[in-house]
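S.K.: Quick one: sequence and predicted model below, then my questions.
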Amino acid sequence: MESLLSCLQVVSSTAQRVEHENRLVNQYTARDFTPFRFMAWSEVPSTHMLAFFLNPDETHGQGPLFQDIFLQHLRQLPVVGPRLPHARWKVEAERRHGELGQIDLLLTTIDRSFSICIENKPRDQTIDQYRQLKRYRKILRGRHQEGYLLLYLSRKKRNPDKESLRPRLRRALKTSGHYANITYESFILPLIDAWQQAVYPEALRTFLRHFRYQIEQWLNLPSTKPTQLMLEQEVVDKLATSGEHVRAAITVARSIEQLKRTLREKLVNSLADPAIGLVGEEHWEWNGHLDGRHSKPYLLRRVTADTAPACWPWGRFSICVEFDQGRLFYGIRFDLSNWYKGDASQAAWPAGTSEQLAGEFAGEPSGRPTEWWPWWRWAGPETEQDLYASIADSSLVKTLQQEVQRLVKVLDQFTATIELQETAATKLPIA
C-alpha cells in the first residue's frame, strides 16, 4: 500500500508542476485556447467541418488544395485508389435523397460520372440504420452504375452492421474497390496534419491544429497536445526510476475498469430514492440502445414491494443512464420487451408519447427520439477522464439529482394520464 501511495504522489506532484508551467506558457501564447470549446460537437458538426475543407468554393480561400490532398490520400488505398478519376468534385453534406436516406458526405465529379459516399460513424457503438449502406449503394448505382465508392468512416477499424450491408456483399465490394473502411485515427488525423503542413495562412494552420485536438479529445484518441505529451513523458520518466513505482503503476492500470464500474454504480445509487420507491439497477438483459450498445444501461424505476412488476406505476417506462466512451446521456426510456426479469411480452409505446414528453421540456435541447428513447439528452464532461472524476467528487451527482427529480414528476403525471385513458377506453359502450 505504501508503494501505491508513493506512486500516486509522484504522479500528482508531477501533474501539478506541469500544469503550473503550462499556465505560465499560456499567459504568453494562449496555446490552449480553442474555438471548439464553444461548439456543440457531434457527428453532424464533424461532417460539416470536413465538407467545409473539401469544398474548393468555401471561405478558407485555398481553392481545391484540401480536396486534392484528400484524394491523394484516398489514392493510396489498395484497389480503391486506381478507380478514382482525376477530376474536380462537388461536395454535399447531410443531403437527403428521398426515401433512400440522408447521406452524410457526398463528393461527385463535375461530369457526374463518379461519386464518393462517406458514412460518418465516429462512435464505436453507434448502430447503423437498417440497410443503410445498401440503400446508399442503390442511390449511387442508379446514378453512376459502377462509378462509385462507399467509404465507412469510423473511429478505429470496424465493419458496418450486417443489417446495413451484408458481410458477403461488403467483402465483394471491398475486393472490387467499391467499398473501404477509413478511420479517424489512421486516415483523418494524418489528413489534417497534411492539410496543416500545406497551407500558409497562420489562422488556418492554428485552426487545423485545434481541429485535430478536438477529434482526439472527442473520440478518446491519443492526445498530441504539447501539455499532455509533456505530462505523460515526465510521469513515465519519474516512475521508471523505481521498480516499486512500476509495480504500483501496473496495479493501478489493471484496476481502471473496475474503478469505472464502481463509479457508475455509485452514480446510479446516489440517484435512486428508496423513500419513493425509486430503485436503480443495471439492465438484466439489454445493452444500450443509443450509442452505448456494448455496455448495459442503468435504469431507475418506481417499484412497489407488494405488487408484481407488471403493476409497477411507470410500467415499461424508466429513467435511464447510459455511458458511451467517456460521455453520459440520460432520459426517459421505454423497454419494448424484457422490461423485467422473466418478461416475454412485447409492446410499443402509446401513440404520441414522444411528442407529449417533448412538450414537457419545450425549448430544451434533446436528442432525436428512437423507438427505445422517447426523450434523452447528453450530460456532464465529454472526456472519460473528466466524466469519472466528476462522479468521484459528486459534482455530476448533484446536477443529475435535480434532473431525476424533474423526470420523476414528468413520468408520474404522464403514466397516470395514460392509465386514465386506458381505463376510460375499456368503459366505452360497444356499438
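M.R.: Structure received. Nothing here was measured: the structure is a model prediction, and the numbers come from that model.
S.K.: In stretch 334-345, which of the residues would be classed as buried?
M.R.: For stretch 334-345, the neighbour count (16 or more other Cβ atoms under 10 Å) marks 334-335, 338-339 as buried. (Each C-beta comes from the backbone N, C-alpha and C, glycine too.)
S.K.: any idea where the strands of the stretch 101-250 of the chain begin and end?
M.R.: 102-109, 115-121, 148-154, 179-183 (DSSP state E, counting those that start in this stretch).
S.K.: what residues does the second one touch?
M.R.: Looking back up the chat, that one is strand 115-121. With contacts defined as Cβ atoms under 8 Å, 6 or more residues apart in numbering, strand 115-121 is touched by 43, 46-47, 50, 74, 84, 89, 103-109, 128, 132-133, 136, 139-140, 143-144, 147-155, 158, 160.
S.K.: switch to 6 Å and redo it
M.R.: 43, 47, 103-108, 136, 140, 144, 148-154 (Cβ atoms under 6 Å, 6 or more residues apart in numbering).
S.K.: what angle do it and strand 179-183 make?
M.R.: For strand 115-121 against strand 179-183, the angle by axes from the mean of the first three to the mean of the last three Cα atoms, to 10 degrees is 50 degrees.
S.K.: Would you list the strands that strand 115-121 pairs with, along with their directions?
M.R.: Strand 115-121 pairs in its sheet with strand 102-109 (antiparallel), strand 148-154 (parallel), by DSSP bridges.
S.K.: One more: the shortest one?
M.R.: Sheet neighbours of strand 179-183, with direction, are listed as strand 148-154 (parallel) (DSSP bridges).
S.K.: Contacts for the strand it pairs with, please.
M.R.: Residues contacting strand 148-154 (Cβ under 6 Å, 6+ apart): 115-121, 133, 140, 160, 179-183.
S.K.: Around residue 306, count how many other residues there are.
M.R.: 5 (other Cβ atoms under 10 Å).
S.K.: for residue 53, same thing?
M.R.: 23.
S.K.: From residue 103, how far out is it?
M.R.: 18 Å (Cβ to Cβ, to the nearest Å).
S.K.: and if you look at residue 14?
M.R.: 47 Å.
S.K.: do the same with residue 343
M.R.: 39 Å.
S.K.: again with residue 210
M.R.: Residue 210 is 27 Å from residue 103, by Cβ to Cβ.
S.K.: These two: which is more packed in?
M.R.: A count of neighbours by other Cβ under 10 Å puts residue 103 above the other of residue 210 and residue 103, at 23 against 17.
S.K.: ok, that one - contacts?
M.R.: Counting by Cβ under 6 Å, 6+ apart, residue 103 touches 117, 136.
S.K.: looking at the sheet around it, what are its partners?
M.R.: Bridge pairing for residue 103 - DSSP bridges - gives residue 95.
S.K.: Next one: it relative to residue 97, how far apart?
M.R.: 6 Å.
S.K.: any chance you could map the helices in the stretch 251-400 of the chain?
M.R.: 256-271, 353-360, 384-392, 395-426 (DSSP state H, counting those that start in this stretch).
S.K.: quick one: contacts of the second one?
M.R.: Contact partners of helix 353-360, identified using Cβ under 6 Å, 6+ apart, comprise 332, 369, 374-375, 410.
S.K.: Format the residues you listed as TSV; extra columns: distance to residue 192 and neighbour count.
M.R.: What follows is the contacts of helix 353-360, written out as TSV (distance: Cβ to Cβ, whole Å; neighbours: other Cβ atoms under 10 Å):
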residue	distance to residue 192	neighbour count
332	38	24
369	34	19
374	38	23
375	35	23
410	43	18
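S.K.: If we ignore the residues flanking it in sequence, what's nearest residue 69?
M.R.: Nearest residue to residue 69, sequence neighbours excluded (Cβ to Cβ, 6 or more residues apart in numbering): residue 194, at 5.2 Å.
S.K.: cool, and residue 102?
M.R.: Of all residues not flanking residue 102 in the chain, residue 96 sits nearest, at 4.4 Å (Cβ to Cβ, 6+ apart).
S.K.: next one: residue 238
M.R.: Using Cβ to Cβ, 6+ apart, the nearest residue to residue 238 is residue 10, at 5.1 Å.
S.K.: tally of neighbours for the one you found?
M.R.: 18.
S.K.: That one and residue 237 touch, don't they?
M.R.: No: in this structure, residue 10 is not within contact of residue 237 by Cβ atoms under 6 Å, at 10.4 Å.
S.K.: Look up how far residue 131 lies from the spatially most central residue of the chain.
M.R.: Centrality entry for the chain: nearest residue to the mean C-alpha point is residue 123, 4.4 Å, by Cα atoms, centre = their mean. Distance of residue 123 to residue 131, given as Cβ to Cβ: 20 Å.
S.K.: Count the residues that sit near residue 233.
M.R.: Using other Cβ under 10 Å: residue 233 sits among 11 other residues.
S.K.: measure residue 64 to residue 194 for me?
M.R.: 14 Å.
S.K.: And the pLDDT at residue 290?
M.R.: On pLDDT, residue 290 comes in at 55.
S.K.: ditto for residue 422
M.R.: Per-residue confidence (pLDDT) for residue 422: 53.
S.K.: so where's this structure uncertain?
M.R.: Across the chain, the ranges flagged by pLDDT under 70 are 1-2, 4, 125, 288-294, 325, 418-431.
S.K.: got the domain boundaries for it?
M.R.: The chain breaks down into these domains under automatic domain parsing: 43-203, 258-426.
S.K.: hmm, back to that, any chance of TSV for the strands of the stretch 101-250 of the chain, columns distance to residue 287?
M.R.: Formatted as TSV, those follow (distance: least, Cβ to Cβ, whole Å):
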stretch	distance to residue 287
strand 102-109	25
strand 115-121	17
strand 148-154	19
strand 179-183	23
